[in-house]
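>>> Predicted model and sequence follow; I will ask about them next.
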Amino acid sequence: MSKRKADENPSTAPPEKRSNVVQLPSFGAENEYDNQTPSSSASSTALSTRQFSSEGIPSLASISMRAFAKSLLSLYENEQSQKRTRRQLNELPELLVTRLFSVLRREIPTYLTHGLLIAHFIRGTEITLTGELPGVTNHTLHAIPDNCPELVHLELRDLKKPSDDVLSSVIKKLPGLETLILRGCTQAGSKTVAAAARSSELRVLNLNYTTPSATSIGSLLLACPKLEVLKLAGIPKLNSSAISAWVKNIASAETPERRSLWRLTSLKLRATGLNDSALSSLLSLTPNLERLDVSSTQVRSIACLSCLPKLRKLSVAYCPINITRAELGKIPDLPQLEILHLGAIGVNGSPTLTDSALYSLTDLLEPLTGLQSVSLVGNSKLGFTSRKGDGALADFVSRVGRKCTMLNLGGVPNLSSQDLRGLLPNQDETSDVNPTPTPRLESLTLSNTGVDNEAAIYISTCRNLEALALENTRFTSCMKDCLPSSTHANTLPAWT
């Protein structure tokens, strides 16, 4: 066959040679597989999702909102239909306006102009504006206090242009706020936080990836004793000295109610200058904490968790913790733990979660009947000293992994297909600790591992699986053919 004909018929060309070497990102570097979410594209390597038929018929309101979103432009084509549409929008009750606005943001964000937002959607007690809406201007923001004097929920997410002065001038006119989300508003600074401190009823505050001073945040903590959720990820000026100063000021407050953060149930300090000393002193003020994220900080020990008996979620990914049997022995009894993220744990660029430590971790997690999600992404030493299918990874999958609804083992190059044998149902081993012979997994991430087509047999037992990540593994396009003929049609997504 000529070269030209071969080019015109690529199906006859010889396949490219596939490398068996799993390429990994550098240790400790976050990547797209750490918190991977389902993709709609079908692929033999990408994260695949299974589409289930709807269990019920959508409500008439939902159908009508989607139809309205598709027809909005045509409804504004002539003056008569435009007037009718405006009148009908103004007559909608607040609950339906909020739901409709959510649909429009998702379906046609670029069509939502400043005028349309002000006329119909900036009203009620709950407002959400995001960076996906090009119609949001400073004038839109300034209209919020006038249109919504009773506002209790304000979410301004990923708005890069509004200045600190603009944001503060809006927020200070909303003293009844209970929820304030400013995630990704990169110009939100100390003036904005000072304005938020006037909202004494504030219960939820999200300042992730904003730029206030640590001092302004400390003043807010004293002024808002009802805070239940506090998110401060990625704030560049937040360091251990500043956090220690908060603790000192709060502990010396005039009234007993303000001498602790006893209402706080969720705390996020990811990617800040936090260290062990500052964390330990801060947690002494939060006895009711249920969710803690200190990933990508300088926290080196998990011993301070002893003061958090109600903890449900813990994330210490990318922290320089030396995970050993002795260190794991410092973890107190956490009977309510549901979510655990231990991605890329290591010191000086070297991973520390080894097979020996994983055995101890498995012993610790196995009795937790409420455990739902575990991430061990990027711990590249796991499986290094074990025999395939008969080591720490296989033991973990058999005793813990199969009980979870979400499991992330991405970036563990020594993970083999044989290590997934623990997913196979075993009626003989059903017990109080392992009551489900079939795995509960709904999401499984195996990207950047050594698994191959053999794993299809074990994965096919996960009857509830909805999302599967297999990028940069040794699976081939014939994976579907590897499934046993008795496998249910919906066991795995279809590959094309």
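Cool, got the structure.
>>> Sketch out the low-pLDDT regions of the stretch 251-400 of the chain for me.
Applying pLDDT under 70 to the stretch 251-400 of the chain picks out residues 330, 332.
>>> all helices for it, in order.
276-283, 325-328, 355-365, 392-399 (DSSP state H, counting those that start in this stretch).
>>> likewise the stretch 1-150 of the chain?
Assigned by DSSP H, counting those that start in this stretch, the stretch 1-150 of the chain shows helices spanning 3-8, 60-75, 79-91, 94-107, 114-116, 138-147.
>>> Let me know whether residue 159 touches residue 138 as I believe.
No - Residue 159 lies out of contact with residue 138 (Cβ atoms under 8 Å); the separation is 10.1 Å. (Glycine included, C-beta is placed from N, CA and C.)
>>> Settle it for me: which of these two has more neighbours?
Neighbour count, other Cβ atoms under 10 Å: between residue 159 and residue 138, residue 159 has more, with 22 against 16.
>>> measure the more buried one to residue 331 for me?
40 Å (Cβ to Cβ, to the nearest Å).
>>> Now for the closest residue to residue 164 other than its chain neighbours: which residues touch it?
Using Cβ to Cβ, 6 or more residues apart in numbering and skipping residues adjacent in sequence, the residue nearest residue 164 is residue 189, 4.0 Å away. Applying Cβ atoms under 8 Å, 6 or more residues apart in numbering to residue 189 gives the contacts 164, 210-213, 216.
>>> Out of the residues you listed, list just those in helices.
Counting by DSSP state H, the contacts of residue 189 place 164, 216 in helices.
>>> which among the contacts of residue 189 end up buried?
For those, a burial check counting by 16 or more other Cβ atoms under 10 Å picks out 164, 210-213, 216.
>>> got these as a markdown table, with distance to residue 82 and pLDDT columns?
Formatted as a markdown table, the buried ones among the contacts of residue 189 follow (distance: Cβ to Cβ, whole Å; pLDDT from 0 to 100):
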| residue | distance to residue 82 | pLDDT |
| --- | --- | --- |
| 164 | 38 | 98 |
| 210 | 39 | 98 |
| 211 | 42 | 97 |
| 212 | 43 | 97 |
| 213 | 48 | 96 |
| 216 | 45 | 97 |
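>>> Closest to residue 461 out of these?
Checking the buried ones among the contacts of residue 189 against residue 461 by Cβ to Cβ gives residue 210 as the nearest, at 45.3 Å.
>>> How many neighbouring residues does the residue nearest to that closest one when sequence neighbours are not counted have?
Counting by Cβ to Cβ, 6+ apart, residue 210 lies nearest to residue 188, which is 4.1 Å off, once chain neighbours are set aside. When neighbours are counted by other Cβ under 10 Å, residue 188 registers 27.
>>> Residue 188 is in contact with residue 166, isn't it?
No - the pair residue 188 / residue 166 is not scored as a contact, 9.7 Å apart, by Cβ under 8 Å.
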